[in-house]
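Asker: no FASTA, just this:
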């Protein structure tokens, strides 16, 4: 998974309004919010990669199914997930997988940035559904391209 590409896609999907909202939650400017979003995406994708490497066969199957599930409707954009980190479980398997790594990732981002964990967790509540939406779009593109064997979004 290419962190830079994923970060750009998540920032693009968030847009200026959500980035401003995150900045307000964090008590920083948009550049600071962008840094936290990039760190969050990096921490989440690193958590997914680590889970893929260290997973039991059952956990590996859960990640595989989550990626496949993310490609299936009805998940369409960020509005379908809500209710904070606990509400992520209602966002299908991908939401559940991300929710399992969200708290440790939020703690790591808070430690790196010096921001309070509670503030970073609130920012994660905005960022996580966007990450799920972006990964869902990538998975859908990948399943549409499966016949051509050119899925470059997941490595």
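Answerer: Structure's in. What do you need? Values in this document were obtained by computation on a predicted structure and should not be read as measured data.
Asker: need the helices for this protein, in chain order.
Answerer: Residue ranges of the helices in the chain, as given by DSSP state H, are 3-26, 30-54, 57-70, 84-87, 92-113, 117-144.
Asker: Any regions of the chain where pLDDT drops low?
Answerer: 1-3, 51-53, 55, 59-60, 62-96, 142-155 (pLDDT under 70).
Asker: change it to 50
Answerer: Residue ranges of the chain with pLDDT under 50: 71, 73-90, 149-155.
Asker: before we move on, back to that, could the helices of the chain go into a markdown table alongside mean neighbour count?
Answerer: Backbone N, C-alpha and C define where each C-beta goes, glycine included. Shown next, in a markdown table, are those (neighbours: other Cβ atoms under 10 Å):
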| stretch | mean neighbour count |
| --- | --- |
| helix 3-26 | 16 |
| helix 30-54 | 18 |
| helix 57-70 | 15 |
| helix 84-87 | 14 |
| helix 92-113 | 20 |
| helix 117-144 | 21 |
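Asker: Distance check, residue 25 against residue 35.
Answerer: 14 Å (Cβ to Cβ, to the nearest Å).
Asker: Likewise for residue 120?
Answerer: 11 Å.
Asker: Which residues are in contact with each of those two?
Answerer: Any residue near both residue 120 and residue 35 by Cβ atoms under 8 Å, 6 or more residues apart in numbering counts here, and that gives residue 113.
Asker: can you tell me which residues contact residue 115?
Answerer: Under the criterion of Cβ under 8 Å, 6+ apart, the neighbours of residue 115 are 26, 28, 36, 109.
Asker: Mind doing that once more with 6 Å?
Answerer: residue 26 (Cβ atoms under 6 Å, 6 or more residues apart in numbering).
Asker: which non-adjacent residue is nearest residue 127?
Answerer: residue 40 (5.0 Å; Cβ to Cβ, 6 or more residues apart in numbering).
Asker: ugh, wrong one, residue 124
Answerer: residue 106 (4.8 Å).
Asker: Correct me if wrong: that neighbour contacts residue 121.
Answerer: Yes. At 4.8 Å, residue 106 counts as touching residue 121 under the criterion of Cβ atoms under 6 Å.
Asker: Tell me which residues are up against stretch 105-112.
Answerer: Contacts to stretch 105-112, defined as Cβ under 6 Å, 6+ apart, come from residues 39, 40, 43, 44, 47, 117, 120, 121, 124.
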